[in-house]
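[1] Fold the following and give me the result.
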Amino acid sequence: MSFAIAFVLVVLLLLVLAAVAARRRPSAHREARDAARGHLRNIAPRLPFALVAAECIGRLLPPEIVGAWMGSGTGLSGVLIASVVGAILPGGPMLAFPLAIALLRAGAGPEALIALITAWSLVAINRTLLFELPLLGTRFTGYRLAVCIPLPVIAGGCAGLLLTAAPG
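    Model prediction:
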């Protein structure tokens, strides 16, 4: 399926869902717009700095090392390394996503980046130790980690399979 066809299908789906939402709750669009403006006010001042930081970090990362550890040809080991990096990566999206951009430019494979972002989102050791464990206890945290720890590797592996099966 070409990009243009996929884009048209996504836009049509978006229009249909917007019409359904407007019919079900007419105020939904206004509420969503107001929420988006609030988020934009928080993110917009930080975004240029994050993108500049990503570019700087990308120039500092040695492509031969990044490619050897997390490149497209590294397979499961690259996905595992990226999963560990994502799990121990502190901070929010203004750190994680620029770092992912920098790693991509330095030669990391898409499957490794999917594993990194998935691990950062789901495992996040710093958030787990600082907030979840003290507030929710060891039993809940243990169950959640047992479910979440394999997911970055699974996501990265599935991405690798999709990338090798994709034509072109």
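[2] going forward, measure contacts and count neighbours with C-alpha atoms only.
    OK.
[3] Closest to the centroid, which residue in this protein?
    Ile117 (3.7 Å; CA atoms, centre = their mean).
[4] how many neighbours does Ile154 have?
    Using other CA atoms under 10 Å, Ile154 has 17 other residues around it.
[5] swap that for Leu60, please
    11.
[6] Ok, the one 3 residues further on next?
    Burial of Pro63, expressed as a neighbour count using other CA under 10 Å, amounts to 18.
[7] Helix, strand, or coil at Gly91?
    coil (DSSP: H, G, I helix; E, B strand; the rest coil).
[8] Just give me the neighbour total for it.
    Residues near Gly91, counting by other CA under 10 Å: 12.
[9] Now do the same contact list for Gly160.
    Gly75, Pro110, Glu111 (CA atoms under 8 Å, 6 or more residues apart in numbering).
[10] try 7 Å
    Glu111 (CA atoms under 7 Å, 6 or more residues apart in numbering).
[11] Tell me the spacing between it and Ile81.
    As judged by CA to CA, to the nearest Å, Gly160 and Ile81 stand 15 Å apart.
[12] cool, and Gly73?
    In terms of CA to CA, Gly73 sits 13 Å off from Ile81.
[13] And these two? Which one has more around it.
    Neighbour tally, Gly73 and Ile81, criterion other CA under 10 Å: the higher count belongs to Ile81, 18 against 14.
[14] What strand or helix carries the more buried one?
    Element membership for Ile81 (DSSP states H and E) is helix 75-88.
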